[in-house]
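J.: how would this look folded up:
(4 chains)
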There are 2 protein chains.
Amino acid sequence: MSTPGRGLHGRVLETLGPAITAGEYPPGSVLRTDELAQTFEVSRSVMREAVRVLESMHLVESRRRVGVIVRPAAEWNVYDPQVIRWRLAGADRPRQLRSLTVLRSAVEPIAAGLAARHATAEQCAEITECAIGMVAHSRGHKLEGYLHHDVAFHRLILNASGNEMFARLGDVVEEVLAGRTHHAVMFDDPDPAAVTLHVQVAEAIREHDAPRAEELTREITEGALQELDILAPNGHFTASG
Amino acid sequence: MSTPGRGLHGRVLETLGPAITAGEYPPGSVLRTDELAQTFEVSRSVMREAVRVLESMHLVESRRRVGVIVRPAAEWNVYDPQVIRWRLAGADRPRQLRSLTVLRSAVEPIAAGLAARHATAEQCAEITECAIGMVAHSRGHKLEGYLHHDVAFHRLILNASGNEMFARLGDVVEEVLAGRTHHAVMFDDPDPAAVTLHVQVAEAIREHDAPRAEELTREITEGALQELDILAPNGHFTASG
DNA sequence: AACCCATTAGATACGACTAATTCAAGCCCC
DNA sequence: GGGGCTTGAATTAGTCGTATCTAATGGGTT
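T.: Residues are numbered from 1 along each chain as shown, chains lettered A, B, ... in the order given. Down below sits the predicted model:
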């Protein structure tokens, strides 16, 4: 979507990356550069560049005389947007979605509190606009329009927090929200209570009421977590939803 | 420390990466592969692999007929451990430390709450041991020993949370804590109140009291934020401490 | 104003050489 | 005779240089 195979090495990565993150090669598996180059019908130079990228993501480790070794999942750079996309596209999508939602529940309330302190008048206006847009699309099967405003809403707050680490989680939030809409997690119309909460959050930020913005956002993310629990009640270590 | 120049391209990255993250090349700057290869006295192949890694970190973007373009800081993969290290080693270390501390203040309380729910007896024991170790090193200029147990304490909790995204922040916490100890942010002995809080967190986790573990951890991270404010009182957008 | 072409710099490919690491055979010492 | 160390051969990634391809840019032409 954002990186549609820029160049040959990119196309190789689009196959190799998902394969590794999906666990098709168990930790410790050894791949040979030459072999891979033949398999993907590219030159060794291209394959080496692809391996370098995988290495920078800590998905693999290349050693002389041995080959390219697949690292255990615990060492992967799980915050790399590319890795996140690959994992969301793979088999352990449910677990990944849960991890990200828990991360959201930690970050977004704090971000909302900071936004209430730091947001400019313009940012407040944009956030409010999104909330209004959500209300407008909350009834009558307008899920796509609702999603659009929902994503923008959360992204604006993360940006308005003034913390670059928070701001960079905008894509993560988008993935989670889009996943919820497009994988039948959401009913025909969004929960009216959630919509109200978003409006109230916008209000709180506009009024620079940080504790209220934080608490209301906490309620939103709590709701998101509960939605997941309904789908995969086993809780934390659910393998497949 | 963890990656001491693996290969030629690694050594190139150790110079180019910090230079870019330090802002030596303003956003939009164009680097030429050939030129860089000459500058670093390596072949183009090696330079291309280095560029690929920088590209995967979203530090640069390479376009035909143009060159290698430095991206604005807002697009960087700021969660990449390598990028974090480069930025911590550079001029905007203070701002980076603040960003990371704010992130801690969001994540660690939630992680502690989850740890209180999920931690095994063995994990509880290890956490308690660390807290005891912190107490033992809290007096008499034993800062290094204190730091060691402090890092282990927070890392164990992040791991015990059962959330992989949280677990991967262990290195971040280590960097922040080490930075505090080694850059004269801490006085001769750590704050006794903070030590007590750590002991109480261990207690709460052992007793599976999630709300208490969360609240106590919040007090710890609040303290960390206040420490930063003492150093750089200008608050959020302090450029230099 | 629209189109075409030359220029340019990255993208790909290939082949040769280098260096490091592993494994095993062989040696020495005990 | 057995265990541990040394040494060397095989293997595979690392590096380099060159040649060719591709695509974006800018200028010139119609």
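
J.: Show me what stretch A:14-32 is in contact with.
T.: When contacts are defined by C-beta atoms under 8 Å, 6 or more residues apart in numbering or on different chains, stretch A:14-32 is touched by residues A:5, A:36, A:40, A:50, A:54, A:57, A:59-60, A:66-73, A:76, A:82-83, A:86-87, A:89-92. Yep, even glycine has a C-beta here, placed from its N, CA and C like the rest.

J.: rerun that using 6 Å as the cut-off
T.: Residues from elsewhere that reach stretch A:14-32 (C-beta atoms under 6 Å, 6 or more residues apart in numbering or on different chains): A:5, A:59, A:67-70, A:72, A:86-87, A:89-91.

J.: Now narrow these to whatever sits close to DNA strand D.
T.: A:67-68 (C-beta under 7 Å from any atom of the strand).

J.: Which two of the contacts of stretch A:14-32 have the greatest separation?
T.: A:5 and A:72 (27.6 Å; C-beta to C-beta).

J.: check which helix or strand covers residue A:162.
T.: Secondary structure assignment for residue A:162, by DSSP states H and E: no helix or strand.

J.: for chain A, which helix is longest?
T.: Looking across chain A with DSSP state H, the single longest helix is helix A:93-118.

J.: Is chain B within reach of it?
T.: Yes. Helix A:93-118 lies within reach of chain B by C-beta under 6 Å from any C-beta of the partner chain, at A:99, A:102-103, A:106-107, A:110.

J.: Without its sequence neighbours, what residue ends up closest to the residue most central in space within chain A?
T.: Geometric centre of chain A, nearest residue: residue A:172, 2.4 Å, by C-alpha atoms, centre = their mean. Spatial nearest neighbour of residue A:172, chain neighbours left out: residue A:100 (5.6 Å); criterion: C-beta to C-beta, 6 or more residues apart in numbering or on different chains.

J.: Hmm, the one you found is touching residue A:175, no?
T.: No. Counting by C-beta atoms under 6 Å, residue A:175 is not a contact partner of residue A:100; they are 7.0 Å apart.

J.: The two: which has the busier surroundings?
T.: Set side by side, residue A:100 and residue A:175 show more neighbours around residue A:100, with 23 against 18, by other C-beta atoms under 10 Å in any protein chain shown.

J.: quick one: the strands in chain A?
T.: A:30-31, A:60-63, A:67-70 (DSSP state E).

J.: Enumerate the residues of chain A near DNA strand D.
T.: So chain A meets DNA strand D at A:31-34, A:44-45, A:48, A:51, A:62-68 (C-beta under 7 Å from any atom of the strand).

J.: Out of the residues you listed, who's the most crowded?
T.: Busiest of the residues of chain A next to DNA strand D [other C-beta under 10 Å] is residue A:51, holding 27 neighbours.

J.: Distance of that residue relative to chain B?
T.: Using C-beta to the nearest C-beta, to the nearest Å, we find residue A:51 at a distance of 9 Å from chain B.

J.: Now do the same contact list for that residue.
T.: Taking C-beta under 6 Å, 6+ apart as the definition, contacts of residue A:51 comprise A:62, A:68.
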